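S.K.: Need a 3D model of the following:
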Amino acid sequence: MNKYIVEFIGTFFLILTIVCVVNGAADGNFLAPVAIGSALMVMVYAGGHISGAHYNPAVTLAVFMRGKCSAGDVPMYIVAQVLGGIAAAVLGATLLGKGTMMGGGEMPANTAGAFVAELLGTFALVWVVLQTATTKSTSGNSYYGLAIGFTVAAMAYALGGFGTGGCFNPAVAIGAAFNGLAGWGTAGLAIVADLIGAALGAVAFKATYQSQGADD
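M.R.: Residues are numbered from 1 along each chain as shown. Next up, the predicted model:
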């Protein structure tokens, strides 16, 4: 149960940060991705030793495919992450006044571009997570949280302008739709792209890491 509580708390604070900084961003303020990446970084350091600090159903899928998350944990991890995202979105909208509650059904204007951007950003995130936080060759490193957080920040800057805002996380997409930051059509597109990107990232990791004869 502790693992699921940690996943809920970490996802909650990640998405609460997104809700507050994006809704409160002034024109010309380009620091929101830094705040979001930093929130993820500190939550990874806080919970990594308990749950692995996924905070993202796409990461959970990839870690499962990697063989480092049991089939029994996958649904509970995802439930905890999604509930954490919804709780953050609702709190942001109702208590903090950050959002409007419930997005519409609109899709990004450039659907193909948004899909590819989400897929690539999630691929990059999963690639970094698997390479820095799940291998014996990097066991005990102290940089994995920083690497993961900065991956999200970098991908948000690079790919966040294509229509989805740069979710790279189905729980973020759902939270954004609940908060009114995104439409449900956009959230659905992001979720599909994120899961495909995560699966491809896991396949690429297994192909490259194992091909070098690295110890699992």
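S.K.: Quick check: which ranges of this structure have low pLDDT?
M.R.: Low-confidence segments of the chain (pLDDT under 70): 25-28, 103-105, 211-216.
S.K.: how about the helices in the protein?
M.R.: Remark: helices assigned in the chain by DSSP state H are 2-23, 32-51, 57-66, 73-94, 111-133, 144-159, 170-179, 184-211.
S.K.: Tell me the helices and strands packed up against the third one.
M.R.: The reference is to helix 57-66. helix 73-94, helix 111-133, helix 170-179, helix 184-211 (3 or more Cβ pairs under 8 Å, 6 or more residues apart in numbering; DSSP states H and E). No exception for glycine: its C-beta is placed from N, CA and C like everyone else's.
S.K.: How about the contacts made by the residue nearest the centre of the chain?
M.R.: With distances taken as Cα atoms, centre = their mean, N169 lies nearest the centre of the chain, 3.4 Å away. Applying Cβ atoms under 8 Å, 6 or more residues apart in numbering, we find N169 in contact with Y55, N56, P57, A58, V59, T122, L125, D194.
S.K.: burial count for the residue nearest to K3 when sequence neighbours are not counted?
M.R.: Nearest residue to K3, sequence neighbours excluded (Cβ to Cβ, 6 or more residues apart in numbering): S51, at 4.0 Å. S51: 22 surrounding residues under other Cβ atoms under 10 Å.
S.K.: Touching, S51 and I9? I think so.
M.R.: No: counting by Cβ atoms under 8 Å, no contact exists between S51 and I9, whose distance comes to 9.5 Å.
S.K.: which ones are touching C69?
M.R.: Contacts of C69 by Cβ under 8 Å, 6+ apart are G52, H54, T60, V63, Y77.
S.K.: What is the burial count for the third one?
M.R.: In this case it means T60. For T60, the count of nearby residues is 26 (other Cβ under 10 Å).
S.K.: doesn't V74 make contact with it?
M.R.: Yes: with contacts counted by Cβ under 8 Å, T60 reaches V74, the gap being 5.9 Å.
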